[in-house]
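>>> What follows is a predicted structure for the sequence shown.
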Amino acid sequence: MIALVDCNSFFCSVEKVFHPGLNGKPVCVLSCNDGCIVALTPEAKALGLRRGDPIFKKKDIVQHYGVKLFSTNMYLYAAMSKRVNNILRSAVPHSEVYSIDESFLYLDGLEKYHDLEDYMRGVVEKVRLYTDIPVSVGIAHTKTLAKIGSKFAKQYKGYHSVCMIDNEEKRRKALALFDLSDVWGIGKQTLAKLNYLGIRTPLEFADKKESWVRSHFSKPGWQTWKELNGISCIDTSEVAQRQTICTSRSFGNLVTDYDALQASVASFAASCANKLRGQHSLTSAVTVFVSSNRFREDLTQYSNGQTRILPMPTSDTIEITQAALSVLKEIYREGISYKKTGVILGDITDASYIQQNLFDEVKNRPERMQLMKSIDALNHRFGLRKIHLAVEGEEKQAWHAKSEFRSGNYLSDLKEILTIQI
DNA sequence: TCTGGGGTCCTAGGACCC
DNA sequence: TCTGGGGTCCTAGGACCC
């Protein structure tokens, strides 16, 4: 059996841990630039707010009902996620982190000694006690069914946070009641196709013959069908190395100045290089893209991107930044108000398989690698960006994202740690 | 005034080979 | 008048996820 542990409105729950007065109140966490709602509590949902809503369009609701807003604070959420995962890992022999707020737990063998539902309720309680994060759990033979279970567990109090779908009767009942569009793997397009084919519930889909499914859908649809019928076939095992690494941001203000654009691209390139070294990889393809604000119909629209192939795979911030800036120079067009830039590293390989190149122009690679290691160590110890390339510019530039409502880095910065008055 | 970021997998079709 | 068959590899774009 597989359990899916899902943190309830995770980003909001983390903020509530450090602002306990917000319990039972409508809370929203916003995307970068305080643009859209990315997480919200049931209380906020009840006011008609939805994930993805641009917050400036909902100002009236926010003001009238006193909805508490937070800017996104990924460092804090990542630190909290780690704590939750540590507890989950210690509870079962094998687990997989699926996303920042979800983990799959493999329960094989535990059923000999425990009632699985009771056991997982114990885990839920432990997570709540140690981290104050509420979680919902679904247990089933497949991941897709476990996810459905976790949604029921979240929705109905009677489950006490854990819903197990472990027999045919429960499976059919769950599939008949569940919303087709909420099934893992069924997105907008597949939903439209299923509806067109006359299918309204997950049960109707699951009850179709395999040959029918194979003739109308390709591999992903077929897999979902099997999972709904209790045949496990989706592999979510974690990859050691990402195949692409991307850092991109929308700006707080429109940018026309080339130096500012250059500073943004250099910062994103440095961030990518840092992530790259973090997973012990090298890249040999650096892509840069720029775009104007697609919502501003009154301004000239422009977006472009280009890739530079490097002669040698590298993880050197200086080399990657140079490549990125040379691409920017080519795709930059004067007279455009830019809203967003980004850097993508591709063609990623393992750092241990380094190939020598006869025509390599960088002669001191080992020393340069050592330099990067030292910079990473210093930045780790004294704070992000303590040492950076001059071209990245200084803190708080015009292009930086807005984050008006960011809470403190309570778990990672001594200067921002909470003080409690007793 | 204000509209997110970072990924994966799959497939069709093009380019190329003998 | 008639113009093959069978592969592989790569890539862009679509669909989906959180």
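That came in fine, so what should we check first?
>>> from here on, contacts and neighbour counts on C-alpha atoms
Will do.
>>> okay, now the domains of chain A?
A:1-166, A:168-240, A:245-392 (automatic domain parsing).
>>> hmm, the last one touching DNA strand C?
No: Domain A:245-392 lies apart from DNA strand C when judged by CA under 7 Å from any atom of the strand; the minimum separation is 8.5 Å.
>>> State the helix or strand in which A:Ile96 lies.
Let me fix one detail, which is that residue A:96 is Glu and not Ile. Following DSSP states H and E, one finds A:Glu96 within strand A:94-99.
>>> So what touches that strand?
For strand A:94-99, the external contacting residues (CA atoms under 8 Å, 6 or more residues apart in numbering) are A:Asn85, A:Leu88, A:Arg89, A:Ser103, A:Phe104, A:Leu105, A:Tyr106, A:Leu107, A:Thr236, A:Ser237, A:Glu238.
>>> Pull the contacting residues for the third one.
With contact set as CA under 8 Å, 6+ apart, A:Arg89 has these partners: A:Ser95.
>>> tell me what the helix or strand where A:Cys28 lies is packed against?
Taking DSSP H and E as the definition, A:Cys28 sits inside strand A:27-30. Other elements packing on strand A:27-30 under the criterion 3 or more CA pairs under 8 Å, 6 or more residues apart in numbering; DSSP states H and E are helix A:10-18, strand A:37-40, helix A:42-46, strand A:68-71.
>>> For chain A, which residues are neighbours of DNA strand B?
A:31-36, A:38, A:52, A:54, A:56, A:218-220, A:241-254, A:295-296, A:340, A:342.
>>> Generate a ChimeraX selection restricted to the buried subset of those.
Per 16 or more other CA atoms under 10 Å, the buried members of the residues of chain A next to DNA strand B correspond to this ChimeraX selection:
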select /A:31,32,33,34,35,36,38,54,245,246,247,248,249,250,251,252,253,254,340,342
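>>> Inside helices: which ones of the residues of chain A next to DNA strand B?
Among these, the members falling in helices (DSSP state H) are A:Lys219, A:Pro220.
>>> what's next to stretch A:25-43, contact-wise?
A:9-12, A:24, A:44-45, A:50-56, A:66-72, A:249-252, A:401-404.
>>> Reformat the domains of chain A as CSV; add mean pLDDT and distance to A:Tyr410.
Listed next are the domains of chain A as CSV, based on pLDDT from 0 to 100; distance: least, CA to CA, whole Å:
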stretch, mean pLDDT, distance to A:Tyr410
domain A:1-166, 96, 7
domain A:168-240, 95, 28
domain A:245-392, 92, 14
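>>> quick one: the helices in the stretch 301-422 of chain A?
Applying DSSP state H, counting those that start in this stretch to the stretch 301-422 of chain A gives helices spanning A:317-331, A:365-382.
>>> Out of those, the one nearest A:Ser303 is which?
helix A:317-331 (8.8 Å; CA to CA).
>>> Distance check, A:Val290 against A:Val265.
9 Å (CA to CA, to the nearest Å).
>>> Equivalent analysis for A:Lys226, please.
According to CA to CA, A:Lys226 and A:Val265 sit 45 Å apart.
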